[in-house]
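> Coordinates only, no sequence provided:
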């Protein structure tokens, strides 16, 4: 697929237009889209599980007009040509098959990325921009706490699939209901995976409350690592509890607000 426009990005950014090969439902509320083509090979130095920018073209577009980095700032294309920009996790990368896998939570037509994934057909295009940097997704530890909602399922799944067999800990995953549970293959059989049901994502305090119920091992005798990603309010409360009440060190915690209830993502740059 042709990439349109002059892309003045930093050398560490890979930006390509990929084509949909296929898609399928992992659960009723989660769609996996598989992108492919020779340009997938250009992403060989990226890290699976990290976030990337996707560029959804306007309906009927056969090319994608990317923002241009010029004079220290990003300049977006004109309104009618401007793609919708969203942040998504690289779920899997198969260089042998030249495939990139992304997962989309189904929101119906209320979200542009969800609407695109629901309508996507083989041959449709999607822009992807990622940092060409191999890095550890998580540090080595004796004990892990993973906490997130359905938007964090891709990265939590990658972490669980990557953990060594001797890893111990707890994974708390909030989904709308039992139908959204999925099989996650992990060698870490001492990781307890708990599915939490919240039929109204972004509301209530279920995830925060369950994090409070977890008994963390003593940091003097254990190397701990906590990864949390969910709605902004939930993450703010989880971060405050861990940092202020339990004195969890910054080196032990990665916490990210993936979305904010009632608001859409405002993104335009490739980074």
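Everything's here; your move. This structure is a prediction, so every number in the text was calculated from the model and none was measured. Residues are numbered from 1 along each chain as shown.
> Show me the strands in the stretch 1-150 of the chain, by range?
All strands of the stretch 1-150 of the chain, identified by DSSP state E, counting those that start in this stretch, fall at 13-27, 30-36, 51-56, 68-70, 73-75, 84-89, 92-94, 99-105, 125-131, 143-148.
> neighbouring strands for the last one, and are they parallel or not?
Looking back up the chat, that one is strand 143-148. With DSSP bridges as the test, strand 143-148 is paired with strand 168-175 (parallel), strand 224-231 (parallel).
> same for the helix or strand immediately after it in the chain, what does it pack against?
Towards the C-terminus, the helix or strand next in line after strand 143-148, according to DSSP states H and E, is helix 153-162. Judged by 3 or more CB pairs under 8 Å, 6 or more residues apart in numbering; DSSP states H and E, the packing partners of helix 153-162 are strand 84-89, strand 99-105, strand 143-148, strand 168-175, strand 224-231. Glycine gets a C-beta too; all of them are placed from N, C-alpha and C.
> Let me see the contact set for the closest residue to residue 108 other than its chain neighbours.
Excluding its sequence neighbours, the residue lying closest to residue 108 (CB to CB, 6 or more residues apart in numbering) is residue 114, at 6.5 Å. By CB atoms under 8 Å, 6 or more residues apart in numbering, the residues touching residue 114 are 104-108.
> got the residue ranges for the helices in the stretch 151-271 of the chain?
For the stretch 151-271 of the chain, the helices defined by DSSP state H, counting those that start in this stretch occupy 153-162, 206-213, 232-240.
> and these as JSON lines, adding mean pLDDT?
Output for the helices of the stretch 151-271 of the chain, formatted as JSON lines (pLDDT from 0 to 100):
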{"stretch": "helix 153-162", "mean pLDDT": "98"}
{"stretch": "helix 206-213", "mean pLDDT": "98"}
{"stretch": "helix 232-240", "mean pLDDT": "98"}
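> tell me the most buried of these?
Of all the helices of the stretch 151-271 of the chain, helix 153-162 has the most neighbours on average by mean count of other CB atoms under 10 Å, namely a mean of 22.
> Distance from that helix to the middle of the chain?
Relative to its chain's centre, helix 153-162 lies at 10 Å (CA atoms, centre = their mean, to the nearest Å).
> now do stretch 104-114
Taking CA atoms, centre = their mean, the mean C-alpha location of stretch 104-114 is offset from the chain mean by 14 Å.
> Now do the buried residues in that stretch.
104-106, 111-114 (16 or more other CB atoms under 10 Å).
> closest to residue 248 among the residues you listed?
When the buried residues of stretch 104-114 are ranked by distance to residue 248 (CB to CB), residue 105 comes first, at 28.1 Å.
> Now do the same for that closest one: its pLDDT.
With respect to pLDDT, residue 105 scores 95.
> Equivalent analysis for residue 5, please.
In this model, residue 5 carries a pLDDT of 43.
> Pull up the gap between the residue lying closest to residue 222 once chain neighbours are set aside and residue 210, please.
Leaving out its chain neighbours, the residue that sits closest to residue 222 by CB to CB, 6+ apart is residue 142, at 4.6 Å. Taking CB to CB, to the nearest Å as the measure, residue 142 falls 21 Å from residue 210.
> Likewise for residue 161?
Using CB to CB, residue 161 is found at 22 Å from residue 210.
> just residue 176 next, same as before
According to CB to CB, residue 176 and residue 210 sit 16 Å apart.
> do residue 56 as well
According to CB to CB, residue 56 stands 34 Å off from residue 210.
> what does residue 165 give?
Using CB to CB, one gets 25 Å for the distance from residue 165 to residue 210.
> Then residue 65?
Going from residue 65 to residue 210 by CB to CB gives 44 Å.
> How about residue 121?
Distance check for residue 121 against residue 210: by CB to CB, it reads 39 Å.
> And for residue 88?
25 Å.
> One more: residue 97?
37 Å.
> can you check residue 12 too?
As judged by CB to CB, residue 12 and residue 210 stand 37 Å apart.
> quick one on the thing from earlier: which among the strands of the stretch 1-150 of the chain is found nearest to residue 182?
Proximity to residue 182, assessed across the strands of the stretch 1-150 of the chain by CB to CB, is greatest for strand 13-27 (5.6 Å).
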